[in-house]
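Trainee: give me coordinates for this.
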Amino acid sequence: MIDAQQLALNRRAFLQAGGCGVGMAGLASLLQADDAQQPHFVPTAKRVIYLCQSGAPSQIDLFDHKPELERFRGQDLPDSIRKGQRLTGMTKDQTAFPIAPSIFKFKQHGNSGASVSELLPHIAKVADELCFVKSMHTEAINHDPAITFMQTGAQLAGRPSIGAWLSYGLGSLNQDLPTFIAMTSGTGGQPLYDRLWGSGFLPTEHQGVKFRRTGDPVLYLSDPPGIDRGLRRSMLNDLNDLNRLQLKQKQDPEIATRIAQYELAFRMQASVPKLVDTSDEPEHVLKMYGPECQKPGTFAANCLLARRLVEQGVRFVQLYHRGWDQHAKLPEKIREQCQATDQPSAALIEDLRQRDLLKDTLVVWGGEFGRTVYCQGNLTKGDYGRDHHPRCFSLWLAGGGIKPGISYGETDDHSYNIAENPVHVHDLNATILHCLGLDHRKLTFQYQGRHHRLTDVHGEVVDALLNVPSNAAG
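Mentor: Model prediction:
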């Protein structure tokens, strides 16, 4: 028999050597981190659910209320506001940049008085649980580098995702399930690449396991016809015996890794089907998430599954919802997006709160950048489009040690530049890691001659977002 220390060393050596094919790399991602670091201080969150809104939601139409803009409707964006800042290739040749105020009504909600658009009536009801950040900013102006930056801390592909960093830093909460799971929903818009939940230069055991929208959530989860659990167990025992004999003869670390892979895959065959079967959910819970929650592959179904996953010990759950890239016909299309995401997002918060999970589950909702105050294309009374805008955008956080019922940061009167308390992407990621008990400056991995980290050489924890300031951690 192989002791745990030898297995961990052999597996690490094998994975770092990279001597496995695509199939083995996928299965290796199911392995748990035996060599995980310990938290640097007492965490306020044990797990994360990240609701990534791919395509960049318009902050002006959802959270960043600018009522004074109505009197400037159709007027050109002043040079004093734009300040010569760059535009995308899609609007740089426009002869005019007419201001397009939101056509949607806003109200203040809860004891916090948070301003929320009429498009999000369910989010409005849980406003006092949320922390709205209205002063996010990024350098990336196009989707691929921007979402890559949000997820990996770098605009160029190849770096580990934030979920992979957490897997590497903290390890597993349930040895029968992956540490990091990704799910997708929505249609159209920007493509979602597997590298967004990849492990980059970290060992491949830390990459996210993507659940499929239809059929088995993980490929080859079900046994072939005619193979029952008893027969599968017997076959696996015989295979392990052969592998151990070969390991003794060749001392190849790949063999030890293969033994661990087969064992975890066998355990997942029992744990995952029960987890994704929501037939045991009470009717009031299904009603809370909305009718779409019983349709696999929808955002609502993924939100419900995210709660079930973290409840069973999955460390990091990443939901990606496509379709927010609204360069034209924004009023029509943003309604559709909000109808698909508003109720399940709010239900997730309420469900976690009712189960006493919100206090140590960090929920993040946001896109990769914001949208321009000026119209892309033709501006009419009821229709407009908006271009990419990296200089300011909004997102919200909840639970896991985040201060509820606050709005942080301000933009100028045109929601074009940050006026107060800027929060960079690196600052957000540093704050997320902090909630998990990790100092972003100390969570490092040596690769190609230097120690890398999620926040590169940047980032500051935003104390104002935390219930317990970072200088009091520990």
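Trainee: surely residue 431 and residue 465 touch.
Mentor: Yes: using Cβ atoms under 8 Å, residue 431 is in contact with residue 465, at 5.9 Å. Every C-beta, even on glycine, is put in place using the N, C-alpha and C of the backbone.
Trainee: the two: which is more packed in?
Mentor: Legend: neighbour count by other Cβ atoms under 10 Å for residue 431 and residue 465, higher for residue 431 (26 against 23).
Trainee: so what's the more buried one up against?
Mentor: 461-462, 465-466 (Cβ atoms under 8 Å, 6 or more residues apart in numbering).
Trainee: and those, which two are the farthest apart?
Mentor: Spanning the widest gap among these are 461 and 465, at 8.5 Å by Cβ to Cβ.
Trainee: secondary structure class of residue 65, three-state.
Mentor: Following DSSP: H, G, I helix; E, B strand; the rest coil, residue 65 is assigned to coil.
Trainee: what about it, neighbour count?
Mentor: Quick note: residue 65 (other Cβ under 10 Å) scores 22 neighbours.
Trainee: buried ones in stretch 102-121?
Mentor: For stretch 102-121, burial by neighbour count (16 or more other Cβ atoms under 10 Å) applies to 102, 104, 106, 109-110, 112, 114-117, 119-120.
Trainee: now tell me what touches that stretch from outside.
Mentor: The contact list for stretch 102-121 (Cβ under 8 Å, 6+ apart) reads 58, 60-63, 65-67, 69, 123-125, 127-128, 130, 132, 331, 334-335, 338, 342, 382, 404-407.
Trainee: give me phi/psi at residue 50?
Mentor: According to degrees, to the nearest 10, the main-chain angles of residue 50 amount to phi -110, psi 110.
Trainee: then residue 362?
Mentor: For residue 362, the backbone dihedrals (degrees, to the nearest 10) come out as phi -90, psi 120.
Trainee: assess the claim that it and residue 432 are in contact.
Mentor: Yes: with contact defined as Cβ under 8 Å, residue 362 reaches residue 432; the gap is 6.6 Å.
Trainee: okay, and the common contacts of the two?
Mentor: residue 48.
Trainee: among the contacts of stretch 102-121, which are in strands?
Mentor: In strands, defined here by DSSP state E, the members of the contacts of stretch 102-121 are 130, 132, 406-407.
Trainee: where do the helices sit along this protein?
Mentor: Here the chain has its helices, by DSSP state H, at 4-17, 22-28, 59-62, 79-82, 121-125, 143-152, 162-170, 229-250, 253-276, 283-289, 299-311, 330-354, 425-435.
Trainee: any chance of those helices in CSV, plus mean pLDDT and distance to residue 176?
Mentor: Shown next, in CSV, are the helices of the chain (pLDDT from 0 to 100; distance: least, Cβ to Cβ, whole Å):
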stretch, mean pLDDT, distance to residue 176
helix 4-17, 42, 17
helix 22-28, 37, 15
helix 59-62, 98, 38
helix 79-82, 96, 54
helix 121-125, 98, 33
helix 143-152, 98, 26
helix 162-170, 96, 15
helix 229-250, 90, 15
helix 253-276, 74, 4
helix 283-289, 97, 23
helix 299-311, 97, 12
helix 330-354, 98, 22
helix 425-435, 98, 25
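Trainee: now tabulate those in JSON lines and tack on distance to residue 413.
Mentor: Shown next, in JSON lines, are those (distance: least, Cβ to Cβ, whole Å):
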{"stretch": "helix 4-17", "distance to residue 413": "53"}
{"stretch": "helix 22-28", "distance to residue 413": "50"}
{"stretch": "helix 59-62", "distance to residue 413": "11"}
{"stretch": "helix 79-82", "distance to residue 413": "8"}
{"stretch": "helix 121-125", "distance to residue 413": "23"}
{"stretch": "helix 143-152", "distance to residue 413": "25"}
{"stretch": "helix 162-170", "distance to residue 413": "33"}
{"stretch": "helix 229-250", "distance to residue 413": "65"}
{"stretch": "helix 253-276", "distance to residue 413": "47"}
{"stretch": "helix 283-289", "distance to residue 413": "38"}
{"stretch": "helix 299-311", "distance to residue 413": "33"}
{"stretch": "helix 330-354", "distance to residue 413": "20"}
{"stretch": "helix 425-435", "distance to residue 413": "24"}
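Trainee: out of the ones you listed, which gets nearest to residue 195?
Mentor: Ranking those by proximity to residue 195 (Cβ to Cβ) places helix 143-152 first, at 7.6 Å.
Trainee: that closest one packs against which elements?
Mentor: In terms of contacts (3 or more Cβ pairs under 8 Å, 6 or more residues apart in numbering; DSSP states H and E), helix 143-152 is packed against strand 47-53.
Trainee: just want the angle from the strand it packs on to helix 299-311.
Mentor: If you take axes from the mean of the first three to the mean of the last three Cα atoms, to 10 degrees, strand 47-53 sits at 160 degrees to helix 299-311.
Trainee: other residues contacting strand 47-53?
Mentor: Contacts to strand 47-53, defined as Cβ under 8 Å, 6+ apart, come from residues 147, 150-151, 162-163, 166, 173, 303, 306-307, 310, 314-321, 324, 337, 341, 345, 348, 360-367, 400, 432, 436.
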